[in-house]
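**Student:** how does the following fold in three dimensions:
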Amino acid sequence: MAQSSDKHAAVLLQFTDTHLHAALDGHMHGVTTQQTFDAALNHAREDSRWPPDAIVVTGDIVQDESRVGYQRFREAFQDFGLPVFCIPGNHDDPKLMAELLMSPPFQLCGNAKLGDWRLLLLSTFDKGKDGGVIGLDRLAKMEEALSKYSQEHVLICMHHQPLDMGSAWLDGVGLRDAQEFLEVIDRHSHVRGVLWGHVHQASDRERKNVRFLSTPSTCFQFLPDTDTAAIDTRSPGLRWLALESDGKITTEVEWVD
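**Tutor:** Numbers count the residues shown, from 1 in each chain. Here you go, the predicted model:
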């Protein structure tokens, strides 16, 4: 369970890959994405950990790049009074996100303080590509931020996976400059975790004392360990994280019936 014994832990709730459409009945792979998103949000609101200290949404918020999709997403969260940190995925429109998701309680990319932690909200968006890239400029800004916040525990949140998932097709649309990204975080021992979406499946690994976490989509999931794309039978998912004052991450994926 992600219910930490640390009373000073910051509670973070992650949603990812909501794939909303302009049409309320927009669907993908047999699910109506607005319905599954609503179900995931309602599931979280019934949890004893609600309200979290913040919500992070790691990309592919809207599938069809529609203004209406982002407006409906904004309306779902804006009355909770909680910070909502957003990152673009490969299906998103960063310009619309900047227009609609940059006024409180929303924040697009950048960084944010949460308890004893610093969240780095890293864009891996590469226009017209399913895979992602950080690029030299954003890598330099990331390194600058890691140096600036060297006294804080850091969680990096992004869309594309920086580690291979073991599926040839999925790793072909991962983070193209993953090696450069890993080399940067290897130089900063206060990075405690890396959190992403995109892969529509849960994973939890450790590399050089850093926790690497992927989170299921709020709609459909991809079957793990497959050479070609296949849809899993698992239900929508979300992730709770407790960011503890000593740098530990306690976390749990929840599946929504």
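**Student:** now do the helices in the stretch 1-150 of the chain.
**Tutor:** Using DSSP state H, counting those that start in this stretch, the helices of the stretch 1-150 of the chain run over residues 33-45, 67-77, 94-100, 135-148.
**Student:** let me see the contact set for the residue positioned nearest the centre of the chain.
**Tutor:** By C-alpha atoms, centre = their mean, the chain has its centre lying nearest to Thr58, at 2.7 Å. Thr58 sits next to 14-17, 87, 89, 157-159, 195-198, 215 when contact means C-beta atoms under 8 Å, 6 or more residues apart in numbering. Where you see a C-beta, it was placed from the backbone N, CA and C, and this is true even at glycine.
**Student:** where in the stretch 101-250 of the chain is pLDDT low?
**Tutor:** The stretch 101-250 of the chain contains no residues with pLDDT under 70.
**Student:** how about the strands in it?
**Tutor:** 106-108, 110-114, 117-121, 153-157, 191-196, 203-207, 210-214, 237-243, 249-255 (DSSP state E, counting those that start in this stretch).
**Student:** and the ones you listed as a markdown table, adding distance to Val31 and mean neighbour count?
**Tutor:** Shown next, in a markdown table, are the strands of the stretch 101-250 of the chain (distance: least, C-beta to C-beta, whole Å; neighbours: other C-beta atoms under 10 Å):
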| stretch | distance to Val31 | mean neighbour count |
| --- | --- | --- |
| strand 106-108 | 25 | 19 |
| strand 110-114 | 31 | 17 |
| strand 117-121 | 27 | 23 |
| strand 153-157 | 25 | 25 |
| strand 191-196 | 21 | 24 |
| strand 203-207 | 21 | 13 |
| strand 210-214 | 19 | 20 |
| strand 237-243 | 12 | 25 |
| strand 249-255 | 14 | 18 |
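**Student:** and Phe15, how far is that from Arg72?
**Tutor:** 14 Å (C-beta to C-beta, to the nearest Å).
**Student:** correction: the previous question concerned Tyr149.
**Tutor:** For Tyr149, the distance to Arg72 - C-beta to C-beta - is 34 Å.
**Student:** tally of neighbours for the nearest residue to Gly197 once chain neighbours are set aside?
**Tutor:** Nearest residue to Gly197 in three dimensions, chain neighbours excluded: Thr16, at 3.0 Å (C-beta to C-beta, 6 or more residues apart in numbering). Per other C-beta atoms under 10 Å, the neighbour tally for Thr16 reads 29.
**Student:** how about Thr16, phi and psi?
**Tutor:** Main-chain torsions, Thr16, degrees, to the nearest 10: phi -150, psi 150.
**Student:** list the contacts for it?
**Tutor:** Contacts of Thr16 by C-beta under 8 Å, 6+ apart are 57-60, 159, 196-198, 215-218.
**Student:** tell me, what's the model's pLDDT at it?
**Tutor:** With respect to pLDDT, Thr16 scores 98.
**Student:** if I look at it, how far off is Asn111?
**Tutor:** Thr16 sits 19 Å away from Asn111, going by C-beta to C-beta.
**Student:** mind putting the strands of the stretch 101-250 of the chain in JSON lines, distance to Asp64 included?
**Tutor:** Listed next are the strands of the stretch 101-250 of the chain as JSON lines, based on distance: least, C-beta to C-beta, whole Å:
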{"stretch": "strand 106-108", "distance to Asp64": "19"}
{"stretch": "strand 110-114", "distance to Asp64": "26"}
{"stretch": "strand 117-121", "distance to Asp64": "23"}
{"stretch": "strand 153-157", "distance to Asp64": "24"}
{"stretch": "strand 191-196", "distance to Asp64": "22"}
{"stretch": "strand 203-207", "distance to Asp64": "28"}
{"stretch": "strand 210-214", "distance to Asp64": "24"}
{"stretch": "strand 237-243", "distance to Asp64": "22"}
{"stretch": "strand 249-255", "distance to Asp64": "26"}
